[in-house]
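Engineer: got a predicted structure here, sequence first:
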Amino acid sequence: MSFTYNFVLFLLTFVGGSLPLWIKKLNDDAMQYMLAFSGAFLLSMTLLHLLPETFEEIGHKAGLYLLIGFFVQLFIQRFTHGIEHGHMHVHEHAGHHHIPVVSIMLGLSLHAFMEGLPLGFNYRMEGTEPALYMAVAAHKVPEAILVTTLIMQTSKSVSKTILGLVLFSLITPLSGVMANILGMSYHFIAQLVISLIPIVAGAFIHISTTIFFESGTRHHMLTGKKVLAILSGLGIGLLTLVFEHG
């Protein structure tokens, strides 16, 4: 596990998440294209890297864990209200939007912790680890932008917003570090991480496909720019296979 990868993941999440602090109004279309790109890239990394690795490690049981992960993410979404795939679904009460901040942040923290676990595993194919970090980073940037926007809507304090963003940005890298250290020290932890990887992969599939269905265009139509963003994510995902020599 590389310190550099974890630091870059933290930095990208923090810098991306800080955009709402110094850009008054983020372009909604640009956000949707970013989401389409990240969804395609995340799906590519899951299918091209994570799944081959995990099926090789644990065999047909990976399919069951994958299914569990898909529905675990569906459950987590009840708490996050969709922020992890680029939307915030809130209910209206007495003419005002009620934003359950505590529920959302707890759900997002669990989600961020889960997606860090595969980062702590030592993969057979040498291209898997950097490709996975890239995919998680691409997903976390738009997610962090929405987290910052949420905090800003409920707190006028810039210092509290920055603190919340720092803490959120740290969760995934620290989860990967913890999984790696404990996995090397305790065999049963290593086996647990191996079993958790397909569960996280199932969550990734849920998130990426939901992004395709919901990312913002009128009537969810595939515009030319959105198709280009998706193809860019898929193309870069396919390029990562060039680095596989294991």
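Structural biologist: Everything's here; your move.
Engineer: and Asn122, backbone torsions?
Structural biologist: When read as degrees, to the nearest 10, the backbone of Asn122 gives phi -90, psi 110.
Engineer: how near is it to Tyr33?
Structural biologist: Asn122 sits at a distance of 35 Å from Tyr33 (criterion: CB to CB, to the nearest Å). For the C-beta atoms, the positions are set from N, CA and C on the backbone; glycine is no exception.
Engineer: pLDDT below threshold where in the chain?
Structural biologist: For the chain, applying pLDDT under 70 flags the ranges 1, 26, 81-99, 214-222, 243-246.
Engineer: compare Asn122 and Tyr33 (neighbour count), which wins?
Structural biologist: Neighbours of Asn122 and Tyr33, each counted by other CB atoms under 10 Å, are more numerous for Tyr33; the result is 21 against 12.
Engineer: show me what contacts the more buried one?
Structural biologist: Shown in contact with Tyr33 (CB atoms under 8 Å, 6 or more residues apart in numbering): Lys225, Lys226, Ala229.
Engineer: which ones are touching the first one?
Structural biologist: Shown in contact with Lys225 (CB under 8 Å, 6+ apart): Asp29, Tyr33.
Engineer: for the strand or helix carrying it, output the C-alpha coordinates as CSV.
Structural biologist: Using DSSP states H and E, the element containing Lys225 is helix 224-239. Taking C-alpha atoms only, helix 224-239 is exported to CSV below (Å, rounded to 0.1, in the frame of the first residue of the first chain):
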residue,chain,number,x,y,z
GLY,A,224,-24.1,13.8,-26.8
LYS,A,225,-22.0,15.3,-24.1
LYS,A,226,-23.2,12.8,-21.5
VAL,A,227,-22.4,9.9,-23.9
LEU,A,228,-18.9,11.4,-24.5
ALA,A,229,-18.4,11.6,-20.7
ILE,A,230,-19.4,8.0,-20.3
LEU,A,231,-17.2,6.8,-23.2
SER,A,232,-14.3,8.8,-21.7
GLY,A,233,-14.7,7.0,-18.4
LEU,A,234,-14.9,3.6,-20.1
GLY,A,235,-12.0,4.4,-22.4
ILE,A,236,-9.7,5.3,-19.5
GLY,A,237,-10.9,2.2,-17.6
LEU,A,238,-9.9,0.0,-20.6
LEU,A,239,-6.5,1.8,-20.8
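Engineer: can you pull the buried residues of that helix?
Structural biologist: Buried residues in helix 224-239, counting neighbours by 16 or more other CB atoms under 10 Å, are found at Lys226, Ala229, Ile230, Gly233, Leu234, Ile236, Gly237.
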